[in-house]
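Undergrad: below is the structure, and that's it, no one-letter string:
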């Protein structure tokens, strides 16, 4: 899985990390990156041992969007000027569906966004279940500035996340908003100081990896069904997933663990336990996670770097609560962290917030 030129994929225990790896181009997306993302998706979709996917970008930016220098001379030019036949339509549909495998994974996903995410970059983040922004991050769908529209998932996912009215505003006007506004409208789940972004995203991924896999998979399917099916069909699907959970080894284990006053050891679809593995959260001086197929224990440990100062953990970077037991009903549902009451929608100035001031700069 690591024979890629534009992305990197690493697996640590049950957590996979996808990193966009074109930092010199601000992780702008070109046709090769789309092909490599599609190939990675084909490999991950049948993997039932994956418990969370973390998506990030190398360097100071998550993704500047489509690389116009390559796109205007490549796939966009072909679709604009070439014959509109079955082949060209298939190429366009393949590009538009580059991120569609992420919502279809059997596990949750987290996007760690810093710097900026424009156009296709923001659409990649929208494909994930959760989005954590670094303070100062700016995002926007700039396609209409070029006479185009965002066709890589934004028209489907954005209305579900922020509501149709706000989605229309962001898509049709092409405005850039900051992290505070993204948090206010629900586009970002959390906004974190930049130096703590990696640790906060890794902690959330580790926490998600400990949840019962069949229940997570079923709940995600039921939530998605509510947007694509009628109420009766959606409830039917939720009931089917619930029956699958009730008849699973996980539910038997949950009842036994409750009776014995201990944490459950989730087995998931495999019906057997995975060997216990260790996961160290980067940038966190207090916590080390030990994870199996849904098992989590927390060890208090010094930072792996010698003489590293131990900072008082903020709410955003504090280790997650332990799993539910008979004496501890478990943590409440994930809620966005408190952010500024008001955000500001900004219009970029050429050469500053608008990286499209020059044709060679990617920003779709």
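TA: Yes, it's here. These numbers were taken from a predicted model, which means no experiment stands behind them.

Undergrad: and residue 141, what is it in contact with?
TA: 118, 119, 122, 123, 150, 154, 158, 170, 171, 174 (Cβ atoms under 8 Å, 6 or more residues apart in numbering). In this view, the C-beta of every residue, glycine as well, is placed from N, C-alpha and C.

Undergrad: ok, 6 Å please
TA: Contacts for residue 141 (Cβ atoms under 6 Å, 6 or more residues apart in numbering) come out as 150, 154, 170, 171.

Undergrad: got the contact list for the third one?
TA: Spelled out, that is residue 170. Counted by Cβ under 6 Å, 6+ apart, residue 170 has contacts residue 141.

Undergrad: my read is it is in a helix, agree?
TA: Yes - inclusion of residue 170 in a helix is indicated when DSSP: H, G, I helix; E, B strand; the rest coil is applied.

Undergrad: any idea which element the nearest residue to residue 123 once chain neighbours are set aside lies in?
TA: Distances taken as Cβ to Cβ, 6 or more residues apart in numbering place residue 152 nearest to residue 123, at 4.3 Å, with adjacent residues excluded. Counting by DSSP states H and E, no helix or strand carries residue 152.

Undergrad: among the contacts of residue 141, which one lies nearest to residue 208?
TA: residue 154 (23.7 Å; Cβ to Cβ).

Undergrad: for the spatially closest residue to that closest one that is not a sequence neighbour, the count of nearby residues, please.
TA: Distances taken as Cβ to Cβ, 6+ apart place residue 123 nearest to residue 154, at 4.9 Å, with adjacent residues excluded. Applying other Cβ atoms under 10 Å, we find 28 residues neighbouring residue 123.

Undergrad: distance of residue 123 from residue 65?
TA: 9 Å (Cβ to Cβ, to the nearest Å).

Undergrad: what of residue 157?
TA: 16 Å.

Undergrad: between these two, who's got more neighbours?
TA: residue 65 (31 against 19).

Undergrad: rewinding a little: mind putting the contacts of residue 141 in CSV, distance to residue 53 and pLDDT included?
TA: Formatted as CSV, the contacts of residue 141 follow (distance: Cβ to Cβ, whole Å; pLDDT from 0 to 100):
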residue, distance to residue 53, pLDDT
150, 22, 96
154, 19, 96
170, 25, 98
171, 26, 97
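
Undergrad: for residue 36, which non-adjacent residue is spatially closest?
TA: The nearest residue in space to residue 36 (Cβ to Cβ, 6+ apart) is residue 4, at 4.7 Å.

Undergrad: brain fart, residue 200
TA: residue 192 (4.6 Å).

Undergrad: and the strands in this structure?
TA: Under the criterion DSSP state E, strands of the chain are mapped to 7-12, 15-20, 52-57, 108-113, 116-118, 130-134, 138-140, 176-178, 190-192, 277-280, 287-291, 296-300, 345-346.

Undergrad: put together TSV for these, with mean neighbour count on each row.
TA: Shown next, in TSV, are the strands of the chain (neighbours: other Cβ atoms under 10 Å):
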stretch	mean neighbour count
strand 7-12	17
strand 15-20	22
strand 52-57	26
strand 108-113	26
strand 116-118	28
strand 130-134	26
strand 138-140	25
strand 176-178	23
strand 190-192	25
strand 277-280	16
strand 287-291	21
strand 296-300	14
strand 345-346	14
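
Undergrad: among those, which is nearest residue 204?
TA: Of the strands of the chain, nearest to residue 204 by Cβ to Cβ is strand 108-113, at 5.5 Å.

Undergrad: counting by contacts, list what the closest one packs against.
TA: When contacts are defined as 3 or more Cβ pairs under 6 Å, 6 or more residues apart in numbering; DSSP states H and E, strand 108-113 packs onto strand 52-57, strand 130-134, helix 197-209.

Undergrad: what angle sits between that strand and strand 52-57?
TA: Interaxial angle, strand 108-113 versus strand 52-57 (axes from the mean of the first three to the mean of the last three Cα atoms, to 10 degrees): 20 degrees.

Undergrad: what's in contact with strand 108-113?
TA: 52-56, 62, 102, 125, 128-133, 137, 197, 201, 204-205, 208.

Undergrad: pull up the pairing partners for it, direction included.
TA: With DSSP bridges as the test, strand 108-113 is paired with strand 52-57 (parallel), strand 130-134 (parallel).
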